[in-house]
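I'll drop the sequence and a predicted model, then ask my questions.
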Amino acid sequence: DEYRAAGFPLLPVLKGIRRTKLQMIPYTLLLIPTGILMYTYDYAGYFLLVISIAGGVLWTVHTAMGLSAKDDTKWAKTNFFISINYLMIVFFVMILDTNGIG
């Protein structure tokens, strides 16, 4: 409601909450092959592979559960918390587990 009042054309404002939740699923799902490809092309090691797949699956499952969430605000806050922690952990592990390139 605050974004709408301020005139920001964000997806939930333009298309609604359900559409936004549906749009989030493919993006979180794509995190899984991203970690696999980082390992496959030898940019990162096994530890990143495991952490990125586990985190990607957790985030995707939670995102999909949002379609049946009774409290959208609570679900959104938890999903945001998962997102910032996923990114922080994966990037930190990527720094520690990256193979030398070049």
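That came through, no problem.

what sits against the spatially most central residue of the chain?
Note on the chain: the residue nearest the mean C-alpha position is residue 28, at 4.4 Å, using C-alpha atoms, centre = their mean. With contacts defined as C-beta atoms under 8 Å, 6 or more residues apart in numbering, residue 28 is in contact with 56, 59-60, 63. The way it works is simple: take the backbone N, C-alpha and C, and place the C-beta from them, glycine included.

max-length helix in this protein?
Ordering each helix of the chain by length in residues (DSSP state H) puts helix 72-97 first.

would the residue nearest to the centre of the chain count as being in a strand?
No. Read with DSSP: H, G, I helix; E, B strand; the rest coil, residue 28 is helix and lies in no strand.

what sits closest to it if chain neighbours are left out?
residue 60 (4.3 Å; C-beta to C-beta, 6 or more residues apart in numbering).

compute the inter-axis angle for the host helix or strand of residue 61 and helix 72-97.
Taking DSSP states H and E as the criterion, residue 61 maps to helix 46-65. Per axes from the mean of the first three to the mean of the last three C-alpha atoms, to 10 degrees, the angle that helix 46-65 makes with helix 72-97 is 170 degrees.

my read: the residue nearest to residue 28 touches residue 29, true?
Yes. The pair residue 60 / residue 29 is scored as a contact, 5.2 Å apart, by C-beta atoms under 8 Å.

what about those two, which has more around it?
residue 60 (19 against 15; other C-beta atoms under 10 Å).

contacts only, for the more buried one.
Per C-beta under 8 Å, 6+ apart, neighbours of residue 60: 25, 28-29, 31-32.
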